[in-house]
Every structure is written in structure tokens, then in C-alpha cells.
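> Structure for the following, please:
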Amino acid sequence: MIEVIVQNAEEAMEAERLGVDRLELVSAIKEGGLTPSYATIKQVLNSVSIPVQIMIRPHSYNFTYRQGDKEIIYEDIRNVLYLGGKGIVFGALNDDHTIDEETLIEVIEISSELDITFHRAFDEISSQIEGYQLLCKYKEQVKRVLTSGGKRTCEEGKNNLIELIKIANQTDGPSILAGSGLTTNNFLNIHKLVHAYEYHFGSGVRKNQSFRNGFDKEAIRLIMNSH
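Residues are numbered from 1 along each chain as shown. The predicted model follows:
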């Protein structure tokens, strides 16, 4: 399963034409990805038929949210549902770098139809094993965890990814969506080592590896043909 980041409807349609399996829709990619505008979400959902996971992140300061932030998060999720979407990308932490289970429960209770990717807040938690075990309790909604194994890139975190994927397979828990730093140069080697079922690509499938540019069609073709 290959997922790529898109920023608007034009990119979403091109990614679908190129054969990718799923999209992650974000705004403000320089900030690490924030919630897209209502109009952008509407355009993208109306322009493609493949699954779209929509980033729900009100700011880039941290992953610890105050009540005002949470109200924005819940409203943004309701907007996604209103527009016909189900997929969201979300994560929240407590001050002690554990998963904010209370906020996660409140998100899940908005709708039983939600399909949640717990995002790379997971790479900042104190124990990924304990964090993953907690997310297993909510696997009906938390379908996958986007992670680079607690390191900056999948290359650096590959040993941790191997361990997480082993646990995911044993528990039938959320899928491990390996992402960060993946390119055509390292993808095959990483895949041979970690054997993830899902991979997440950002700038690694862009021309000159920049989000300012469009997709590198040859890069996507190579990746799609190699998995």
C-alpha cells in the first residue's frame, strides 16, 4: 500500500492517475503538515476515488493540545465527515510524552465511521511499544500508525520498525505505516528489512525532492512496480 502526500485537488488527481493507493492531504507542509481548508478538503474529496486521509492538526508547536485546540480539532473532524470523508490523520500527546488517550477517545466518539491514522506524534512518545499497545485498544478506528521507528527517518529507525511490525503482526493491531525519508534509492532495501505492508512518501517522490514541484512520475512508477 503506497500513500503519498498531496496539497490540493490537482496533485490528488495526478497521484491517482499515477496509480498510488491512498493520499494524505495536508496544508502548510513546511510546518510538518496542518489541517487543510474546508474548500480544499471538499475539492479533493470530490476529485478522486482513492482513499484520502486528511490531516487534523491545528498548529505545529507541539502535539499537546489545550481545550481551545481540541474544540477546533473536533469541529474540523465534523467538517470532514460532513463533506463525505472518513479518513483523518491525528495524534495527541500528554506533557509526559505519552499518548493523550482521553483526547483520542473523544475523537473516536465523534463517529464510529472514522478511519484514523495516528501520525508521527508517535515518534515523540517515551515508549513506542507501550504506545502501540494502547492504540491496539482502539484498532477498530485507529487503522494505522505513521512512524519512522522513533527516529528522524525510516533508515535510522529501521530496527525499531522491524520490532513494531512484528508486534503488529502478532496482535493484529493497527498497521505500521512506515514513513519519513523514503526515496527510490532506499525504499527497496528498507522494505526487504522491515517488510511493512504500507509506506508513506513525501518529498521523495517529488521532482528535485521538493514539495514546490510536481510528482516525479518515474520515481512513483519505480516504487509502484517494486512492491
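> wait, is residue 176 part of a strand?
Yes: counting by DSSP: H, G, I helix; E, B strand; the rest coil, residue 176 is part of a strand.
> wait, doesn't it sit right on residue 147?
Yes: at 6.5 Å, residue 176 counts as touching residue 147 under the criterion of Cβ atoms under 8 Å. For the C-beta atoms, the positions are set from N, CA and C on the backbone; glycine is no exception.
> which neighbours do the two share?
Jointly contacting residue 176 and residue 147 under the rule Cβ atoms under 8 Å, 6 or more residues apart in numbering are 161, 164.
> May I ask which helix or strand of this structure has the lowest mean pLDDT?
Sorting the helices and strands of the chain by mean pLDDT, DSSP states H and E puts helix 217-226 at the bottom, at a mean of 92.
> Alpha carbons only: can I get it in PDB?
Extracted in PDB, the C-alpha atoms of helix 217-226 (Å, rounded to 0.1, in the frame of the first residue of the first chain):
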ATOM      1  CA  LYS A 217       6.500  10.200 -12.400                       C
ATOM      2  CA  GLU A 218       9.400   7.800 -12.900                       C
ATOM      3  CA  ALA A 219      10.000   7.600  -9.100                       C
ATOM      4  CA  ILE A 220       6.400   6.700  -8.500                       C
ATOM      5  CA  ARG A 221       6.500   4.200 -11.300                       C
ATOM      6  CA  LEU A 222       9.600   2.500  -9.900                       C
ATOM      7  CA  ILE A 223       8.100   2.300  -6.400                       C
ATOM      8  CA  MET A 224       4.700   1.000  -7.600                       C
ATOM      9  CA  ASN A 225       6.400  -1.700  -9.700                       C
ATOM     10  CA  SER A 226       8.700  -2.800  -6.900                       C
END
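> contacts for it?
2, 4, 15, 18-20, 183-184, 187-188, 191, 199, 201, 204-205.
> Give me the PyMOL select line for these, limited to the buried ones.
This is how PyMOL selects the buried members of the contacts of helix 217-226, with burial counted by 16 or more other Cβ atoms under 10 Å:
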select buried, resi 2+4+15+18+20+183+184+187+191+199+201+204+205
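> Tell me the one among the contacts of helix 217-226 nearest to residue 123.
residue 199 (15.6 Å; Cβ to Cβ).
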